[in-house]
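J.: any chance you could fold what I've pasted below:
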Amino acid sequence: MGLANSLRKVANKTVQKLGGDVIYRRIAVGSYSTSSGVISESITSFTIKGVVEDVNASEVNDLIKSTDKRLTIAAAALDSAPSTSDEVQISGSIHQIIQIQTIEQDNQNISHVLILRS
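T.: Numbering: from 1, shown residues only. Reported below is the predicted structural model:
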């Protein structure tokens with residue numbers, strides 16, 4: 001556990017120092033209205049630090065496009081694991097989370113790499 005806690009702190013400090021502000025939008029599905037036929041959503045937005053970069057050409061495949069972005073965030077920035085139903089706002093543009101790669105040590109999340117599409 002000691003190594004995992006140390007890595008988690010290092011990841012958080014690194015992203016805080018090198019990352020820029022992004023708005024993470026956690027989306028929770030609400031209730032279904034039988035009268036209107038609409039499912040309500042609850043959106044909670046908060047600002048976190050993240051490092052944004054383009055995806056590598058070698059990563060492009062059926063799921064990942066060359067125009068997608070990679071966002072690296074510290075796991076400590078979120079109170080729970082990210083979900084593909086959540087969104088990220090970068091410079092006013094909303095991005096859908098396509099894929100989540102979690103880096104962990106001793107079953108403790110250190111950082112998350114999110115593949116984003118606008």
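J.: and the top strand by length along the chain, what does it pack onto?
T.: Ranked by number of residues, the top strand in the chain under DSSP state E is strand 38-54. Counting by 3 or more CB pairs under 8 Å, 6 or more residues apart in numbering; DSSP states H and E, the packing neighbours recorded for strand 38-54 are helix 2-18, strand 20-33, strand 69-74, strand 87-90. The C-beta positions use only the backbone N, C-alpha and C, and glycine is treated the same way.
J.: pLDDT below threshold where in this protein?
T.: 1 (pLDDT under 70).
J.: rerun that using 90 as the cut-off
T.: The chain contains residues with pLDDT under 90 at 1-19, 29-34, 36-41, 59, 63, 106.
J.: let me know the outermost residue of it.
T.: Relative to the centre of the chain, the most outlying C-alpha is that of residue 35, 34.3 Å out, by CA atoms, centre = their mean.
J.: and that one, its phi and psi?
T.: Phi and psi for residue 35, reported as degrees, to the nearest 10, are phi -80, psi -40.
J.: could you check how far it is from residue 67?
T.: 40 Å (CB to CB, to the nearest Å).
J.: which neighbouring elements make contact with the helix or strand harbouring residue 96?
T.: Under the criterion of DSSP states H and E, residue 96 resides in strand 93-105. Contacts defined by 3+ CB pairs under 8 Å, 6+ apart place strand 93-105 against helix 2-18, strand 87-90, strand 108-117.
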